[in-house]
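# sequence and predicted structure, then a few things I'm wondering about:
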Amino acid sequence: MTGNASNKFEIWQQIILSPKSVFNWPSWVDGSMYRESRRQAKVSGRLPLISDLAARLEMIISLANSDDIALEDVRIRLMVWKNRPMEDVTATFEIYDIVRWACASRIDFVPVSPHPNKHWRKYALEPEVNGSHIHTCEDNAKIGPDAFAPVGNLPNARGLDREPQSFKDVCQQVGQLFNVTGLQDLPPPDWNWSML
């Protein structure tokens, strides 16, 4: 790993660990219907998938530092499935890096499948993480810049101490792990409970 990349990831880690608060009052955006492109479907050898069941809801949360000054290049993104309450909830800590938003850390709550740690031996991680887990900036910086590229997808993860029991619990854990106050007051998503 180059010195510049190492320094950048140290700065990212400092940003994540520093005290922050919610800067705005965000709301949920309905991703509406999932529409797969014809090209994507052709690669898979089928007709395009168009489904309301795969709709996602998303919330972008702007942050402020400890002096209540907005952090323009830092945000948290919460993503949930509209029709799958409290299943596969994702929180990403994103930092604007040159030309794109980069995911510096990610928390996956109640995932549908275990997470395999590709580099588990090299970095003394569990080979597979069952249940909720966090992909820390620190753990993935050891791999280098490739871990933070969209295809890298932060491959190193560690299990969380406890599973969330509610959306408020998700927000409290995100606040604790990303050092952000005010997340516990966020409105819950408008989940479709009739699918249960």
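Here it is on my side, so go on.

# pretty sure residue 115 is touching residue 128, no?
Yes - using Cβ atoms under 8 Å, residue 115 is in contact with residue 128, at 6.9 Å. All C-beta spots, glycine's among them, are computed from the backbone N, C-alpha and C.

# which residues in the chain form helices?
For the chain, applying DSSP state H gives helices covering 3-17, 38-44, 137-141, 167-178.

# chain center to the longest one, what's the gap?
On the basis of Cα atoms, centre = their mean, to the nearest Å, helix 3-17 is displaced by 18 Å from the centre of the chain it belongs to.

# where are the low-confidence patches of this protein?
Counting by pLDDT under 70, the chain contains low-confidence residues at 1-3, 32-36, 49, 51-53, 192-196.

# what's the burial count for the residue nearest to residue 31 when sequence neighbours are not counted?
Spatially, and ignoring its direct neighbours in sequence, residue 31 is nearest to residue 56 (4.1 Å; Cβ to Cβ, 6 or more residues apart in numbering). Residues lying near residue 56 (other Cβ atoms under 10 Å) number 18.

# show me where this protein has its strands.
With DSSP state E as the criterion, the chain has strands at 20-22, 29-30, 34-35, 50-51, 56-64, 70-81, 89-97, 100-109, 115-116, 128-129, 133-135, 158-159, 180-181.

# next, format those as TSV and append distance to residue 149.
Shown next, in TSV, are the strands of the chain (distance: least, Cβ to Cβ, whole Å):
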stretch	distance to residue 149
strand 20-22	25
strand 29-30	25
strand 34-35	24
strand 50-51	28
strand 56-64	21
strand 70-81	17
strand 89-97	11
strand 100-109	8
strand 115-116	18
strand 128-129	21
strand 133-135	13
strand 158-159	21
strand 180-181	25
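
# select, out of the ones you listed, the one closest to residue 43.
For residue 43, the closest of these is strand 34-35, at 15.5 Å, according to Cβ to Cβ.

# am I right that the residue nearest to residue 31 is in contact with residue 82?
Yes - using Cβ under 8 Å, residue 56 is in contact with residue 82, at 6.5 Å.

# what's around residue 40, how many residues?
The tally of other residues near residue 40 (other Cβ under 10 Å) stands at 12.

# sounds good, over and out.
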